[in-house]
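A.B. asks: Predicted model follows, preceded by the sequence.
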Amino acid sequence: MNAMYTVIDSPLGSLTLLASTEALTGIYFEKHRSRPAKAEWGAAETDHPIFIQAAHQLGEYFAGQRSSFELTTATHGSELQERVWELLKRLPYGQTTSYGELAAELGDRHLAQAVGAAVGANPLSIVIPCHRVVGKDGKMTGYAGGVDRKLFLLELEEPASRKAEKLF
């Protein structure tokens, strides 16, 4: 499993993509809170099929032409983190949930803080849509890539009908 990385441009600034030869393992914003140290990124690689496919699908997503991703990914979290990330993958495009709701889905509302920590440790921003998790009563909460980026992603995914309602 050789580690490699590339950096691509996006409407949210540069994104660092990390991968093994088999799967995409990370998508990080500049100044991302949980971004691994550069020494862990591996070799620079721009033409690997994993990165080409990821860059293409992310481009479609930012253009409003894609609402889900079809990428081979790999995460290496704790059992709880993996369970939380799996719930996030099932969260539909344009919808949000709260930390408490995710904790309830896991069977214990008292896990809300642990769920928040798992969401914050998500290695695959955007692809595993942690930006769709908001605080209680829809309050905007932190985001490893910054709240401005979270708002951008939520607005990008906002259904046209809800956008139209805001005009009147």
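C.D. replies: In hand now; what should we look at?
A.B. asks: okay, now the domains of this protein?
C.D. replies: Domain assignment of the chain by automatic domain parsing yields the ranges 4-62, 79-167.
A.B. asks: Which one of the ones you listed lies nearest to residue 72?
C.D. replies: With CB to CB as the measure, domain 4-62 is the member of these nearest residue 72 (4.6 Å). C-beta coordinates here come from the backbone N, C-alpha and C atoms, glycine included.
A.B. asks: where does the chain have its least confident helix or strand?
C.D. replies: The helix or strand of the chain with the lowest confidence, counting by mean pLDDT, DSSP states H and E, is helix 160-167 at a mean of 60.
A.B. asks: which residues in the chain form helices?
C.D. replies: 49-62, 79-90, 99-105, 112-120, 147-157, 160-167 (DSSP state H).
A.B. asks: Could I get those in TSV, plus columns for distance to residue 39 and mean neighbour count?
C.D. replies: Shown next, in TSV, are those (distance: least, CB to CB, whole Å; neighbours: other CB atoms under 10 Å):
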stretch	distance to residue 39	mean neighbour count
helix 49-62	20	17
helix 79-90	23	16
helix 99-105	32	19
helix 112-120	22	19
helix 147-157	25	16
helix 160-167	43	8
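A.B. asks: Switch the ones you listed over to TSV; also include distance to residue 139.
C.D. replies: What follows is those, written out as TSV (distance: least, CB to CB, whole Å):
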stretch	distance to residue 139
helix 49-62	25
helix 79-90	18
helix 99-105	11
helix 112-120	13
helix 147-157	11
helix 160-167	18
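A.B. asks: which one of those helices lies closest to residue 131?
C.D. replies: Taking CB to CB, helix 147-157 is the member of the helices of the chain nearest to residue 131, at 4.2 Å.
A.B. asks: Counting by contacts, list what that closest one packs against.
C.D. replies: The helices and strands touching helix 147-157, judged by 3 or more CB pairs under 8 Å, 6 or more residues apart in numbering; DSSP states H and E, number zero.
A.B. asks: any idea of the angle that helix forms with helix 49-62?
C.D. replies: Computed by axes from the mean of the first three to the mean of the last three CA atoms, to 10 degrees, the angle separating helix 147-157 from helix 49-62 equals 70 degrees.
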